[in-house]
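# Just a sequence and a predicted model for now, questions to come.
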There are 2 protein chains.
Amino acid sequence: MTRRRTHGFDCAPGCSVEAALSLIDGKWKGVILFHLLERPMRFNEIRRKLATVTQRMLTTQLREMEADGLITRTVFAQVPPRVDYALSDLGRTLEPALHALKTWGDSNMHLFSPAPDTLNAS
Amino acid sequence: MTRRRTHGFDCAPGCSVEAALSLIDGKWKGVILFHLLERPMRFNEIRRKLATVTQRMLTTQLREMEADGLITRTVFAQVPPRVDYALSDLGRTLEPALHALKTWGDSNMHLFSPAPDTLNAS
DNA sequence: CATAACGGTATCCTTTTTGACACTATGTGC
DNA sequence: GCACATAGTGTCAAAAAGGATACCGTTATG
């Protein structure tokens, strides 16, 4: 996004929509949260789910969400290191919104993607 | 946003969340959509609601949403010009998601704002 | 004549975000 | 000794997003 650290919304009635968006905006946050909705995960586990994310980006996004209180980060003193990421209580309250977005996406994504199933030649 | 014109999601299960976010991401889109949910509006009418948006940004955001099929743009051949913006049918289907976001924001925004009411020094 | 309202464009510039790539530390298996 | 897995960090560069400012044409109004 784009407005993430720029707090200070202009606070017309839609302001709270912006506030919510400002937290889940970021190229990977939506997906990450969605995966964590299912269960806590380790760093590389998330990474494999995302496939094209770089380490640095994943770290950044996770750190921001941790700073925003949406997720928790638990380090286990082991070797090799183990770090678990999980939704916080606050993060869990996003569930309805995330589901609403996913529902919408599932219904309408075909309008924006190349519709690969229509390309089945032969 | 940030991922807006970068189509091609990595399409793990959370992909549709990203798809949805990619459309309402943009510094003003959330608020604009929210206002249009109430009723169609003219350009300057929206502008006044947003107060701090520049003409260029408003134009950009409206044009992108029009291109994405979320809103419609109707020009009336009048002088002075009149242009109405309204939600399209597709845009209207975002209502549940927008409301979910607003609800979340209303409940939790106090956690992220400077809490101005605690600053009341005489 | 000057000004304001309308709905924009065109240019230029700055900030933010994202990506590439190399590098770290520790311990295990070969 | 060498590579691999873990979970990162640091630096630099590119791309995208956003903002400031000035300008356009028309008509009504003072």
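Nice, thanks for sending it over.
# in terms of contact, does A:Gly30 touch B:Val17 like I think?
Yes - contact status for A:Gly30 versus B:Val17: in contact at 4.2 Å, counting by Cβ atoms under 8 Å. In short, each C-beta sits where N, CA and C put it, glycine included.
# Neighbour count: these two, which is higher?
Neighbours per residue, other Cβ atoms under 10 Å in any protein chain shown: of A:Gly30 and B:Val17, the larger number sits with B:Val17, 31 against 28.
# need the helices for chain A, in chain order.
For chain A, the helices defined by DSSP state H cover A:15-24, A:29-38, A:43-50, A:55-67, A:89-92, A:95-108.
# what stretches of chain A score poorly on pLDDT?
For chain A, applying pLDDT under 70 flags the ranges A:1-14, A:113-122.
# thinking again about what came up before, need the overlap of contacts for A:Gly30 and B:Val17.
Residues touching both A:Gly30 and B:Val17 comprise A:98, A:101, with contact defined as Cβ atoms under 8 Å, 6 or more residues apart in numbering or on different chains.
# how close does A:Arg56 sit to A:Leu62?
Taking Cβ to Cβ, to the nearest Å as the measure, A:Arg56 and A:Leu62 are separated by 11 Å.
# In terms of neighbours, single out the busier of the two.
Using other Cβ under 10 Å, the more surrounded residue of A:Arg56 and A:Leu62 is A:Leu62, with 21 against 8.
# I'd like to know which of the helices of chain A lies nearest to DNA strand D.
Shortest separation from DNA strand D across the helices of chain A is recorded for helix A:43-50, at 3.1 Å, computed as Cβ to the nearest atom of the strand.
# Can you give the contact residues for that closest one?
Under the criterion Cβ under 8 Å, 6+ apart, residues A:28, A:31-32, A:35-36, A:41, A:53, A:55, A:58, A:62, A:83, A:85, B:10, B:12 lie in contact with helix A:43-50.
# what does stretch A:64-81 give?
Contacts to stretch A:64-81, defined as Cβ under 8 Å, 6+ apart, come from residues A:4, A:23, A:26, A:29, A:32-33, A:36, A:62, A:82-88, A:90-91, A:94, B:111-112.
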